[in-house]
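Visitor: what's the 3D shape of this:
(4 chains)
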There are 2 protein chains.
Amino acid sequence: MITSFAGESKHFLDEKSRLSIPAKYRRWLTEEDAEYTFVVTKGADPCLIAYPAVEWDTFAEKLRNLSQFKKKNRAFIRTWSRNSIRLKCDKQGRILMPQRLLDFANIKKEVVIIGALNYLELWEQEMLKEHQESQIPLDDDYFEDLADIF
Amino acid sequence: MITSFAGESKHFLDEKSRLSIPAKYRRWLTEEDAEYTFVVTKGADPCLIAYPAVEWDTFAEKLRNLSQFKKKNRAFIRTWSRNSIRLKCDKQGRILMPQRLLDFANIKKEVVIIGALNYLELWEQEMLKEHQESQIPLDDDYFEDLADIF
DNA sequence: TATTATTGTGGGTAGATGTGGGGAGAAATC
DNA sequence: GATTTCTCCCCACATCTACCCACAATAATA
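Guide: Coordinates of the predicted model:
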């Protein structure tokens, strides 16, 4: 069983657009992926998602089962793939963030890194705040549904 | 089966924000988790909750199965995990408390540690007192409902 | 009560971690 | 092929973490 990511911390992009991945998350990678590689992609919410490469590969494997004969499937796979990029940490544990992705999440210098189970979310602080505030609170129905699972 | 936590005791944060976990609770950890690791998170009440890491991991493992294509699932996972942090006891049995969490529970120096079944509650003394006083007393209806379970 | 063992608290310090920047080599462009 | 841009190594260093040791406080035992 892989230990789940948890926690939140604030980091800074340096002049070269490098982002330091907290050591605790890097360490959890080593068990399954000695390469310290993440796949960073645009999130469904206005943030970036960094999957450990093995997690992303698992997901990609599932996507293969989508039929190529459906136009929407092709569109989804295309969008998903082109927005994903495989990034390896340098010897100091940093990844070099492409400008295109930074722009998407509106990230300038400050980055809030949230450990969310089997992936990391990268947020610009203000975007996160706005997103959380505009979020419709989870209602009783949601938790009723959850209760069916747990 | 893990022995349940029980009891209450008062401890102090030191200058380095370290909190000594009572030996009796630490001991109960060893059975299942030789790492002496807790996951500390914000409570529903204005206190902090410390789960033995194995307890938290079991729940986290279930959460992983929630589909990320549902916005509410993402929101729930985000809120759940950003407030949680994995903390390992040092060789003297202390954990280093992040300021962010201390602020949430209004903890300065004194901490009341309450052992509650499979988790610990960490309270600032005055907050606990206020909370208990403002608490609506448990009524007969509540116990009637409980009777359905026991 | 006296003695011993365990636990809780304080603080110094080596090593780990995060951040910045120079520069060699690779890759892209002209 | 020459020039520019980019990537990633290296080193530097400030900060943080978690070890170690010391010893006080408490509990357990004779």
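
Visitor: in what helix or strand does the residue positioned nearest the centre of chain A lie?
Guide: Centroid-nearest residue in chain A: residue A:49, 1.5 Å away (criterion: CA atoms, centre = their mean). Assigned by DSSP states H and E, residue A:49 falls within strand A:48-52.

Visitor: quick one: the closest residue to residue A:108 other than its chain neighbours and DNA strand D, what's the gap?
Guide: Closest residue to residue A:108 apart from its sequence neighbours, by CB to CB, 6 or more residues apart in numbering or on different chains: residue A:124 at 7.0 Å. To be clear about C-beta, it is placed using only N, CA and C from the backbone, and glycine gets the same treatment. According to CB to the nearest atom of the strand, to the nearest Å, residue A:124 and DNA strand D sit 21 Å apart.

Visitor: for residue A:124, what are its contacts?
Guide: Contact analysis of residue A:124 by CB atoms under 8 Å, 6 or more residues apart in numbering or on different chains lists A:47, A:105-108, A:110-112.

Visitor: ditto for residue A:74
Guide: Contacts for residue A:74 were tallied using CB under 8 Å, 6+ apart; they are residue A:68.

Visitor: Quick one: mean pLDDT over the helix or strand harbouring it.
Guide: Secondary structure assignment for residue A:74, by DSSP H and E: helix A:71-82. For helix A:71-82, mean pLDDT is 88.

Visitor: Now the element after that helix, going C-ward?
Guide: Immediately after helix A:71-82, counting by DSSP H and E, sits strand A:85-88.

Visitor: Tell me the strands beside that next one, with direction?
Guide: strand A:37-42 (antiparallel) (DSSP bridges).

Visitor: ok, the strand it pairs with near DNA strand C or not?
Guide: No: figure legend: strand A:37-42 not in contact with DNA strand C (CB under 7 Å from any atom of the strand); closest approach 14.0 Å.

Visitor: For that strand, report the contacting residues that lie outside it.
Guide: Everything outside strand A:37-42 that qualifies as a contact, by CB under 8 Å, 6+ apart, is A:21, A:29, A:48-53, A:56, A:80, A:83-89, A:95, A:97, A:101, A:104-105, A:120, A:122.

Visitor: what's the distance between the residue nearest to residue A:108 and residue A:48?
Guide: Using CB to CB, to the nearest Å, one obtains 10 Å as the distance from residue A:124 to residue A:48.

Visitor: overlap in contacts of the two?
Guide: By CB under 8 Å, 6+ apart, the residues touching both residue A:124 and residue A:48 are A:105, A:107.

Visitor: before we move on, the earlier item: apart from its chain neighbours, what residue comes closest to the residue nearest to the centre of chain A?
Guide: Residue A:49 sits nearest to residue A:43 (CB to CB, 6+ apart), 4.6 Å away.
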